Structure formats: C-alpha cells, structure tokens
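Novice: no FASTA, just this:
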C-alpha cells in the first residue's frame with residue numbers, strides 16, 4: 001500500500017512527462033486551420049479546435065468580403081494562444097473605395113442639394129449662376145446675367161436693350177429716347193441726342209430757332225432767340241398742376257402778342273423742369289431784347305442775367321411775406337434748383353394746394369447765378385408769387 005507522499009511523487013512525474021504533449025496538442029498538434037476558406041473570404045469559422053484542444057472560436061465573420069462598402073473585414077479575435085490566425089486577409093474582394101454616391105457628388109463624396117449641380121468640387125445653381133449657366137463651365141459674357149439657365153443681356157441706368165446690345169437712349173442719336181428712333185441729319189448741322197430728345201447744333205448763319213429738328217436750321221441768327229419773362233400776375237401754389245401753369249404763361253404771352261409757345265419754369269414731384277422744357281442752343285432774351293443766357297447750358301450753369309421783366313417789359317410787383325433776411329425783391333415760385341432739377345417737397349404738392357402747411361421753393365427776380373430760381377428758405381404755399389415763363 002502506497003503512502004500519500006509516494007502517490008504525490010508519482011503523479012508529479014506523470015504530469016511532467018505528459019505536459020509537453022498536451023501543450024503541443026493545444027497549440028497546433030491537432031488544431032485544424034481552415035486556411036482555404038479564410039483566404040477565399042469564406043464566412044465560416046476560421047479556426048476549428050482539434051481533439052483535446054480547448055480553443056476559443058476565432059471567427060472572422062465575413063472576414064475577407066469587402067461587400068459594397070469596401071471595408072476589409074478584420075479577424076482580430078484571437079484564440080487562447082493570442083494568434084490572430086490567417087483569416088484577416090481581405091482576399092480578392094477586399095478592395096476599398098468610396099462606397100456611397102452622395103447626391104450629384106459622384107465619386108467626390110460632395111453632397112449637393114436636389115436643385116444643385118456638382119461642377120468640379122462645388123455645388124451650384126445652374127439656373128442663375130453666371131459662371132455655370134445652364135450647365136457646368138458655361139460662363140456668361142460681361143454684361144450678361146444668368147436667368148432660368150440662359151445668359152441674357154442686362155442693361156442698367158439709362159441704357160436699353162436694342163437688339164443684342166445695351167444703348168444709352170438718353171444720348172445716342174441713332175436711338176434717341178427709344179430703340180431705332182434716329183435723329184434727322186442736315187447739312188451744316190450736328191445732330192445730338194440730349195436727355196432722349198433730338199437737337200441740332202447749327203453752323204454758319206442760321207439756327208434751329210423754332211426748336212423743330214425736322215426742318216433743320218431754318219432761321220437767320222439775327223432773328224433767332226427764345227424769350228423769357230416773369231408773369232405780371234401772381235398766383236398761390238394751387239395752380240392746378242403743370243399743364244395749368246403752362247396755360248397761364250401762354251395766355252399772358254398771347255395777350256402781349258409775343259408769339260411762340262411758352263411753358264412755366266416749374267418742376268413737380270415727378271418731373272423736373274429740365275425734362276419738360278426745350279434746351280435751346282440759342283440766346284434766351286427778355287422781351288426788351290436783353291440777354292439772359294446764351295443757351296440752355298449757360299442757363300443751368302448759373303451764367304444768368306436776372307429775369308426782371310414781365311411779358312409787357314415792365315418790372316414785376318413786390319411779393320409780401322418774404323423774410324427780411326431773404327431781401328425784398330419780387331419772388332417767382334419754381335420748386336426747381338439751378339440745374340433744372342426738382343426741389344423735392346417744395347412744389348405745393350405738385351402745384352395742387354395752397355394750404356399753409358405746404359412749402360414752395362422760389363427764386364428772386366433781381367438775382368442771377370442760381371438764385372434766380374432757388375433763393376433763401378422755402379415759403380408756405382398760400383403766398384402769392386410770380387411765374388417764370390420760357391418760350392419753347
């Protein structure tokens with residue numbers, strides 16, 4: 001009968017003899033590596049434990065298959081020995097790349113909105129992008145804009161689209177005031193388009209005295225001039241509008257048998273005097289023949305003699321209510337600056353009211369420069385004043 005100590009020594013010897021073989025079996029002696037499956041990207045378990053080998057299952061899942069996403073499966077789950085096995089190979093299918101098509105982004109990965117188009121690496125609206133109008137790289141030329149995917153000519157300011165170009169209809173004698181409206185030409189004269197209206201600059205001894213460009217330079221210089229006067233009558237700001245004011249000037253000129261057509265030097269809130277009166281190339285004179293200005297340009301450049309005669313050649317009456325600091329000369333309502341442009345808010349509501357809460361711009365009949373039309377502070381519209389009347 002063996003003693004306990006002898007039994008322990010015997011078992012220890014057995015263990016020492018058999019341990020290497022057990023380790024050999026566990027580490028590879030009986031483990032079967034299904035390399036064929038894992039290298040081909042198969043989906044089964046990549047390590048199968050042999051008899052006596054207690055190995056944790058090393059599963060690569062779909063280890064070698066990149067699928068549509070291009071991700072190479074990793075088999076990094078190791079067995080008891082810490083070895084990753086052979087199953088981490090992606091096989092032939094493991095090539096990676098950009099997996100998703102992002103909107104219109106194609107292979108770039110740029111995500112564009114539903115109404116955008118990918119041009120290079122940028123998402124653009126080809127309906128209104130002048131660099132990519134209608135399609136990528138289709139750039140619109142200078143002066144053109146992209147509208148609804150098409151390059152269209154865009155004209156600004158006083159220009160107008162005439163055919164395939166922008167034309168300044170305020171200054172082009174071939175398109176004066178509108179496309180295709182050409183000013184007539186005459187020998188011995190230059191044709192101009194001033195503010196959308198045809199004009200003649202006559203040379204020699206004749207002039208376009210009547211202002212009608214259709215009959216050319218019809219009058220000898222010695223007989224050609226435009227008359228201007230200050231009305232003998234006075235009025236409050238309720239003139240009934242520009243047309244009614246013009247009629248008052250015409251009535252006074254007819255009564256004095258001056259002849260010709262006359263308009264009042266007035267602007268309203270929509271129309272300036274410079275845009276409704278004739279721009280004469282000839283002298284502006286008083287009824288007595290005294291020179292006021294040599295032409296329109298001089299008139300609006302402040303080279304002006306005072307307009308101090310009525311239609312009958314007399315001095316105008318005084319205007320009550322003028323502030324002391326503004327002098328005592330008779331006043332003429334104008335609502336107009338020296339350049340011929342409207343003085344906003346100083347037109348008695350476009351000459352339709354004489355309410356004492358509205359204002360009127362006026363000039364002094366004893367002044368030249370620009371003060372003949374815009375002098376001192378505005379007055380209230382119930383003050384009776386004169387009108388300036390210009391022959392057209």
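Specialist: Cool, the structure landed. Values in this document were obtained by computation on a predicted structure and should not be read as measured data.

Novice: for the closest residue to residue 274 other than its chain neighbours, grab phi and psi.
Specialist: Excluding its sequence neighbours, the residue lying closest to residue 274 (CB to CB, 6 or more residues apart in numbering) is residue 340, at 3.0 Å. Placement of C-beta: from N, CA and C, glycine included. In terms of degrees, to the nearest 10, the main-chain angles of residue 340 are phi 90, psi 0.

Novice: gap between residue 340 and residue 231?
Specialist: Distance, residue 340 to residue 231, by CB to CB, to the nearest Å: 19 Å.

Novice: show me the shaky parts of the stretch 51-200 of the chain.
Specialist: Low-confidence segments of the stretch 51-200 of the chain (pLDDT under 70): 51-108.

Novice: what segments of it are strands?
Specialist: 117-119, 122-124, 144-147, 150-153, 159-162, 165-168, 189-194, 197-202 (DSSP state E, counting those that start in this stretch).

Novice: got CSV for those, with distance to residue 294 and mean neighbour count too?
Specialist: Putting these into CSV (distance: least, CB to CB, whole Å; neighbours: other CB atoms under 10 Å) gives the following:
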stretch, distance to residue 294, mean neighbour count
strand 117-119, 61, 18
strand 122-124, 59, 16
strand 144-147, 44, 16
strand 150-153, 41, 14
strand 159-162, 31, 17
strand 165-168, 27, 16
strand 189-194, 16, 17
strand 197-202, 13, 19
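
Novice: ok, residue 140 - contacts?
Specialist: Contact analysis of residue 140 by CB atoms under 8 Å, 6 or more residues apart in numbering lists 130, 131, 133, 146, 151.

Novice: with residue 316 instead?
Specialist: With contact set as CB under 8 Å, 6+ apart, residue 316 has these partners: 230, 231, 232, 308, 309, 310, 330, 332, 365, 386.

Novice: of those residues, closest to residue 251?
Specialist: residue 231 (9.7 Å; CB to CB).

Novice: verify the contact between the closest one and residue 389 for me.
Specialist: Yes. Judged on CB atoms under 8 Å, residue 231 makes contact with residue 389 at a distance of 6.1 Å.

Novice: give me the distance between the residue nearest to residue 293 when sequence neighbours are not counted and residue 365.
Specialist: Nearest residue to residue 293, sequence neighbours excluded (CB to CB, 6+ apart): residue 299, at 4.1 Å. Using CB to CB, one gets 15 Å for the distance from residue 299 to residue 365.

Novice: neighbour count: those two, which is higher?
Specialist: Comparing residue 299 with residue 365 by other CB atoms under 10 Å, the one with more neighbours is residue 299, at 26 against 23.

Novice: from one end of stretch 310-323 to the other, what's the distance?
Specialist: The first and last residues of stretch 310-323 sit 23 Å apart, counting by CA to CA, to the nearest Å.

Novice: how's the chain carved up into domains?
Specialist: If you go by automatic domain parsing, the domain ranges for the chain are 116-153, 167-222, 225-392.

Novice: looking at those domains, which one is packed in the most?
Specialist: Using mean count of other CB atoms under 10 Å, the stretch among these with the greatest mean number of neighbours is domain 225-392 (a mean of 19).

Novice: that one - what's its average pLDDT?
Specialist: Averaged across domain 225-392, the pLDDT comes to 93.

Novice: distance from the chain centre to it, please.
Specialist: 39 Å (CA atoms, centre = their mean, to the nearest Å).

Novice: compute the first-to-last residue distance for it.
Specialist: Domain 225-392 end-to-end distance (CA to CA) = 10 Å.

Novice: for stretch 361-375, same thing?
Specialist: One end of stretch 361-375 to the other measures 8 Å (CA to CA).

Novice: contacts for that stretch next, please.
Specialist: Contacts for stretch 361-375 (CB under 8 Å, 6+ apart): 230, 265, 302, 304-308, 316, 326-327, 329-338, 343, 346-347, 376, 378-379, 385-386, 388.

Novice: inside strands: which ones of those residues?
Specialist: Using DSSP state E, the subset of the contacts of stretch 361-375 located in strands is 230, 331, 332, 333, 379, 388.

Novice: who's in contact with the first one?
Specialist: Listed by CB under 8 Å, 6+ apart, the contact set of residue 230 reads 307, 308, 309, 310, 316, 330, 332, 365, 386, 387, 388, 389.
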